[in-house]
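**Q** Sequence and predicted structure below; questions after.
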Amino acid sequence: MIKIYHNNRCSKSRAGVKAIENSGKEFEIVTYLENTPSFNELKDIISMLNIKPIELVRKNEAIWKSEFKGKDLTDSDIINAMINNPKLIERPIVINGNKAVIGRPTELILDIL
């Protein structure tokens, strides 16, 4: 089952949902601001994306700049920051089986459908 971690207020995230809808495939929408992934879920997503936790952080968010920027943070610290402040999680994230992408640009989503 295809899964998209989605924020409806984000145009890129809405475009990601549209791309999956247009594929005709079944999918699940996870509104991650309300249904924040657990530590292990987020760790698994980061692993599937083949990135470091810091690469999943939206570094222009005010909370990042005021609370975390410039601090010496471990990977676990960064994951916990995203769990406690889900606005920090880059979006949309699309997972299909054991493959995942951050849907920026939207065309990247098509590569795993």
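**A** Nice, thanks for sending it over.
**Q** List the residues that contact the closest residue to Trp64 other than its chain neighbours.
**A** Spatial nearest neighbour of Trp64, excluding adjacent residues (C-beta to C-beta, 6 or more residues apart in numbering): Leu88 at 5.7 Å. Just so you know, the C-beta spots here come from the backbone N, C-alpha and C atoms, and that holds for glycine as well. Each residue near Leu88 by C-beta atoms under 8 Å, 6 or more residues apart in numbering is listed here: Val57, Arg58, Glu61, Ile63, Trp64, Ala81, Met82.
**Q** please redo it, this time with the cut-off set to 10 Å
**A** Under the criterion of C-beta atoms under 10 Å, 6 or more residues apart in numbering, the contact list for Leu88 reads Leu56, Val57, Arg58, Lys59, Glu61, Ile63, Trp64, Glu67, Phe68, Ile78, Ala81, Met82.
**Q** my guess is Leu49 meets Glu55, correct?
**A** Yes - counting by C-beta atoms under 10 Å, Leu49 sits close enough to Glu55 to count as a contact (7.8 Å).
**Q** Distance check, the closest residue to Ala100 other than its chain neighbours against Pro92.
**A** Distances taken as C-beta to C-beta, 6+ apart put Met48 closest to Ala100, at 3.8 Å, once the chain neighbours are dropped. Distance, Met48 to Pro92, using C-beta to C-beta, to the nearest Å: 14 Å.
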